[in-house]
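# Predicted model follows, preceded by the sequence.
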Protein chains: 2
Amino acid sequence: MSNRIRNAALRSKVMSAEEAVQFVKHGDKVGMSGFTGAAYPKAMPTAIANHAIDAHARGDQYQIDLFTGASTAPDCDGVLAGANALRFRAPYQSDPVMRNAINAGDIMYQDVHLSHSARQITDDFYGRLDVAIVEATAITEDGHIIPSSGVGNNVEYLDNAEKIIIEVNSWQSEDLEGMADIYRIPPGRGRGPIPITESGQRIGTTYIDIDVSKVVAIIETDLPDRNAPFKPIDEVSQAIAGNFLDFLEGEVRAGRLTYDGYVMQSGVGNVPNAVMAGLLDSKFTNIQAYTEVIQDGMVDLIDAGKMSVASATSFSLSPEYAEKMNAEAARYREYIITRPLQVSNHPEVIRRVGLIATNGMIEADLYGNVNSTNVSGSRIMNGIGGSGDFTRNAWISSFITPSVAKDGAISAIVPFASHIDHTEHDVMVVISEYGYADLRGLAPRDRSRKMIEVAHPDYRPLLEEYVALAEAPGRPLHTPHDLEQAFSFHQRLAKTGTMLK
Amino acid sequence: MSNRIRNAALRSKVMSAEEAVQFVKHGDKVGMSGFTGAAYPKAMPTAIANHAIDAHARGDQYQIDLFTGASTAPDCDGVLAGANALRFRAPYQSDPVMRNAINAGDIMYQDVHLSHSARQITDDFYGRLDVAIVEATAITEDGHIIPSSGVGNNVEYLDNAEKIIIEVNSWQSEDLEGMADIYRIPPGRGRGPIPITESGQRIGTTYIDIDVSKVVAIIETDLPDRNAPFKPIDEVSQAIAGNFLDFLEGEVRAGRLTYDGYVMQSGVGNVPNAVMAGLLDSKFTNIQAYTEVIQDGMVDLIDAGKMSVASATSFSLSPEYAEKMNAEAARYREYIITRPLQVSNHPEVIRRVGLIATNGMIEADLYGNVNSTNVSGSRIMNGIGGSGDFTRNAWISSFITPSVAKDGAISAIVPFASHIDHTEHDVMVVISEYGYADLRGLAPRDRSRKMIEVAHPDYRPLLEEYVALAEAPGRPLHTPHDLEQAFSFHQRLAKTGTMLK
């Protein structure tokens, strides 16, 4: 038995996932750890999936409602969706099998602002949570949980569930102990402020204290997180990174930013990672991240002495960087803090630290409304995640995107966004490989001119044609639209396979 | 000369508005007081408008960019728009003349979250502010400003403008002194928390301290705020108020709310006012308001002993209630606090006090996306105001609306909102005279069923028809849409004058 289970009483609860699955009943609401492929339980999801398959083969009903921090992995969301083991899913997912099941109508999915998700559980908007299944890197002498590669909503799920199942994963470095900063936001009204004024501040404990009597099972695992490699940086990503840096330099020239004053939030993905690579050779130093997820690019910035602290709720690293993290967690925990999702994404702290938010998107329209979630309005891709939390409370909110997708068949700039997750009121800067559209202080008609400048040249005439139509004499000119043609790009794509005429 | 100007040095600056207009140049950026028809300058706008008319008659250019707290009045926004004296306007307006000028393309208007607006000025997103023109109820011995019936963005405009013009309005009660609570949120990063944990807390001064050397003119006025009467409560408003109360009672039954635990935010208007009247006869007591604007209904709740404290940034009262406020300001200031807009609408405090937000809207779609601003996508009505600040950070966010407008020609529930100010991620409850749609914890397809229940019966078959089309076999079923028909209600309205077939 692993010496990571330091509490003697809890050692008696060790069993296999196949045994522990008895505690997860049909109709249960289950809160799992897991955030962007990190720290999700490695054994129980497969056991639950197999249990569901067996039940369905017998003609029995067996489905659960699943809540996590954010996305997990094929051996969690993937197997559960594949086994038809889920009725409902919140607050975020990014798994291909699950995405297909949602779009096929087989799983009901609520796509929630991540900063709101735990609160909606604790405040009983979903009903009572039955089981919490949480990965740990160790259990302390007192039965407290040392989080592994992420914290997510673990605190609230552990506090609110009737039963607790812990997976102790020896693949995770024991030196992660000391990285987490666990702080509970008291429920209800009249509570005090969250006492964080700088990204690097620690305000809590390194462990999650739990009600040990609720623990019904402990499972030992030795399995890696879903660590996917980032794509090599291509020309388009490099150009976007260059334009992002130009934008930052412009803020310095305008006297609004200093070279040692950049507080970063960055969405996850290849393009954000390229932007971070661009910062390595920039004049910016003492960069602080108050963000959701630590990526390879931030590790590079730390190693290069450019980033002084990174606060997040989890890691999402490539296999190579995950290995480095596991080997050197004792060093990295001097620079990295993992926090509960409610804290990493809290409007109060985001607004206070004065960060520049940078997120990806599916499409934006001429006025800067951004679609982050639904392709052509209906088909869920992943979810809004934390992009709303950061965009809405950032000092400056930016979005980065290649101007086209699918070899030019899809334009990232469209007349009317087919789904809106971030409104014109929240989006300040949109950056593509063609430049940056600074929408601050501009009325809608001035914004549309800026947005066309960052569209792909092939699409600019089509966008200008739409603007001319929408601004035709006699029409209202505040946010000019022609509702007959507003979705013409999407309709053309559906009919011909391309948004181009 | 009024004895309200208690600073001797500043008495020498008293002049007429016609003289003071010399300080407002073509191209200037001007920050004015004014919030929802209260506390706007009464003399300078007309003087500026006349100055513009004269200049234009001479063939000279004369236009300014105007920033306020929120809406003003016909003798401010109205005269300025009518005189073609404005190039740009932010962050909110609701004047009929100005609205027409914006929709005609004659004024560029940026519709900004009110909690963001001051920060965007102080952080120089618009460029340097030239002049602040602010109404006061008095000037203290030290030259400090006692705000009149609202605070809005006055602090930041006074701090950041190069020149200051003060209007001392003796129509406003001198007993308003003591009602305002002026607290500066320091700019930049790393600042501390805002130390408000309950609506009624005072954390600042009763006056705005200014750099007296920047004062170039003081003007004496004796003119009322724009106090418009509320409409008598009709059957539809009464039914909405009843459904809102049912919703609150449901929260009590579910154990999420207590009868003495309701913290209110309420948008401005006849329907919200009816909801407050409904609370008079309810079991709720010790109601606290942490809101933007004090309305008649809140004064009634205070007088009835049902509301223990109301925090806001201004009043918007009927003539009768304005008279009562002016007569009894000394009593009301025990219950009412007026704060800078940045504080009244700050995400940090809104989230902390745990309020239930209740705002009006133009339309909502089947999935709970809400349009608060643009009729049929293009024609600005007023602006988002503070509805985003409260909706996004509320404990529970609700919207109230009659199910139809224009005698049934316009449905408040449509397939796809023609402009989106509040996304599906932010909207929890939608209430009409037919009931309340509780969207919490629901995936989009379940939400559409609830939304149809609160639509007008005449429109339900049309909405069901759209749902059937959008959910046709083979289509993606996460947020089902048919983009060809998404705006069919609006297109029908444009062609036939009604959304009904």
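Cool, the structure landed.
# Give me the pLDDT value at the closest residue to A:L223 other than its chain neighbours.
Nearest residue to A:L223 in three dimensions, chain neighbours excluded: A:K42, at 4.1 Å (Cβ to Cβ, 6 or more residues apart in numbering or on different chains). The C-beta positions use only the backbone N, C-alpha and C, and glycine is treated the same way. pLDDT, A:K42: 98.
# can I assume A:K42 is in contact with A:I133?
No - taking contacts as Cβ atoms under 8 Å, A:K42 lies outside contact range of A:I133: 10.5 Å.
# joint contacts of those two?
Contact criterion Cβ atoms under 8 Å, 6 or more residues apart in numbering or on different chains; residues bridging A:K42 and A:I133 by contacting each: A:E167.
# what about those two, which has more around it?
A:I133 (31 against 24; other Cβ atoms under 10 Å in any protein chain shown).
# Confirm that one sits in a strand?
Yes - counting by DSSP: H, G, I helix; E, B strand; the rest coil, A:I133 falls inside a strand.
# you'd agree it is up against A:E167?
Yes - counting by Cβ under 8 Å, A:E167 is a contact partner of A:I133 at 7.1 Å.
# In space, what's closest to A:S314 - neighbours in sequence excluded?
Nearest one to A:S314, counting by Cβ to Cβ, 6+ apart, is A:G150 at 2.7 Å.
# and stretch A:240-251, how far out from the chain's middle?
Stretch A:240-251 has its C-alpha centroid displaced from the chain centroid by 23 Å (Cα atoms, centre = their mean, to the nearest Å).
# meant to ask about stretch A:326-344, not that
Centre-to-centre, stretch A:326-344 and its host chain are 17 Å apart (Cα atoms, centre = their mean).
# And the strands in the stretch 401-501 of chain A?
A:404-405, A:410-411, A:413-414, A:429-432, A:435-438 (DSSP state E, counting those that start in this stretch).
# just those strands: most buried one?
Stretch with highest mean neighbour count among those: strand A:413-414 (a mean of 28; mean count of other Cβ atoms under 10 Å in any protein chain shown).
# tell me the mean pLDDT for stretch A:233-242?
96.
# sorry, back to before: distance of the residue nearest to A:L223 relative to chain B?
Using Cβ to the nearest Cβ, to the nearest Å, one gets 27 Å for the distance from A:K42 to chain B.
# And the helices in the stretch 51-200 of chain A?
Remark: helices assigned in the stretch 51-200 of chain A by DSSP state H, counting those that start in this stretch are A:79-82, A:96-103, A:114-122, A:154-160.
# want to try JSON lines for the ones you listed, with distance to B:P232 as columns?
Below are those laid out as JSON lines (distance: least, Cβ to Cβ, whole Å):
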{"stretch": "helix A:79-82", "distance to B:P232": "55"}
{"stretch": "helix A:96-103", "distance to B:P232": "48"}
{"stretch": "helix A:114-122", "distance to B:P232": "38"}
{"stretch": "helix A:154-160", "distance to B:P232": "47"}
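# worst average pLDDT in those helices?
When those are compared by mean pLDDT, helix A:114-122 comes last with a mean of 94.
# Against which helices or strands is that one packed?
On a contact count with 3 or more Cβ pairs under 8 Å, 6 or more residues apart in numbering or on different chains; DSSP states H and E, helix A:114-122 meets helix A:154-160, helix A:341-344.
# can you count the residues close to A:R11?
14.
# quick one on the thing from earlier: kindly reformat the helices and strands packed on helix A:114-122 as CSV containing mean neighbour count.
Formatted as CSV, the helices and strands packed on helix A:114-122 follow (neighbours: other Cβ atoms under 10 Å in any protein chain shown):
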stretch, mean neighbour count
helix A:154-160, 25
helix A:341-344, 28
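# which one of those lies closest to chain B?
Smallest distance to chain B across the helices and strands packed on helix A:114-122 (Cβ to the nearest Cβ): 10.4 Å, for helix A:341-344.
# Name the next helix or strand following the closest one along the chain.
Using DSSP states H and E, the helix or strand that follows helix A:341-344 in sequence is helix A:347-353.
# mind listing what the following helix or strand past that next one pairs with, with the direction of each?
Under the assignment DSSP H and E, the closest C-terminal helix or strand after helix A:347-353 is strand A:356-359. Neighbouring strands of strand A:356-359 in its sheet, by DSSP bridges, are strand A:263-266 (parallel), strand A:396-400 (parallel).
# quick check, distance from strand A:356-359 to the centre of its chain.
For strand A:356-359, the distance to the chain centre is 13 Å (Cα atoms, centre = their mean).
# Over to stretch A:235-244?
Worked out by Cα atoms, centre = their mean, stretch A:235-244 lies 22 Å from the chain centre.
# If you count neighbours, what's buried in that stretch?
Residues A:236-237, A:239-244 are the ones in stretch A:235-244 that count as buried (16 or more other Cβ atoms under 10 Å in any protein chain shown).
# How about stretch A:64-79?
Quick answer for stretch A:64-79 (16+ other Cβ under 10 Å): A:64-79.
# Closest one of the residues you listed to chain B?
A:D65 (9.4 Å).
# can you give me the helices for the stretch 301-450 of chain A?
Going by DSSP H, counting those that start in this stretch, the stretch 301-450 of chain A shows helices at A:319-332, A:341-344, A:347-353, A:387-393, A:444-454.
# Would you convert these into JSON lines that also reports distance to chain B and mean pLDDT?
Shown next, in JSON lines, are the helices of the stretch 301-450 of chain A (distance: least, Cβ to the nearest Cβ, whole Å; pLDDT from 0 to 100):
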{"stretch": "helix A:319-332", "distance to chain B": "24", "mean pLDDT": "96"}
{"stretch": "helix A:341-344", "distance to chain B": "10", "mean pLDDT": "98"}
{"stretch": "helix A:347-353", "distance to chain B": "4", "mean pLDDT": "95"}
{"stretch": "helix A:387-393", "distance to chain B": "6", "mean pLDDT": "98"}
{"stretch": "helix A:444-454", "distance to chain B": "6", "mean pLDDT": "98"}
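# So for A:R58, which of those helices sits nearest?
Ranking the helices of the stretch 301-450 of chain A by proximity to A:R58 (Cβ to Cβ) places helix A:341-344 first, at 37.5 Å.
# for chain B, what are the nearby residues on the stretch 151-300 of chain A?
Counting by Cβ under 8 Å from any Cβ of the partner chain, the stretch 151-300 of chain A comes close to chain B at A:188-195, A:197-198, A:254-256, A:261, A:263.
# Buried by neighbour count, from those: which ones?
A:189, A:193-194, A:261, A:263.
# out of those, which are inside strands?
Among these, the ones falling in strands (DSSP state E) are A:V263.
# What is the most widely separated pair among the buried ones among the residues of the stretch 151-300 of chain A next to chain B?
Maximum distance among those (Cβ to Cβ): 34.5 Å, for A:R189 and A:G261.
# hang on, isn't A:M298 packed against A:M307?
Yes - using Cβ under 8 Å, A:M298 is in contact with A:M307, at 6.1 Å.
# what is in contact with these two at once?
Going by Cβ under 8 Å, 6+ apart, residues that sit against A:M298 and also against A:M307 are A:A289.
# Let me see the contact set for the residue positioned nearest the centre of chain A.
In chain A, the C-alpha nearest the mean C-alpha coordinate belongs to A:G385, at 4.4 Å (Cα atoms, centre = their mean). By Cβ under 8 Å, 6+ apart, the contact list for A:G385 reads A:70, A:92, A:114, A:267, A:292, A:372.
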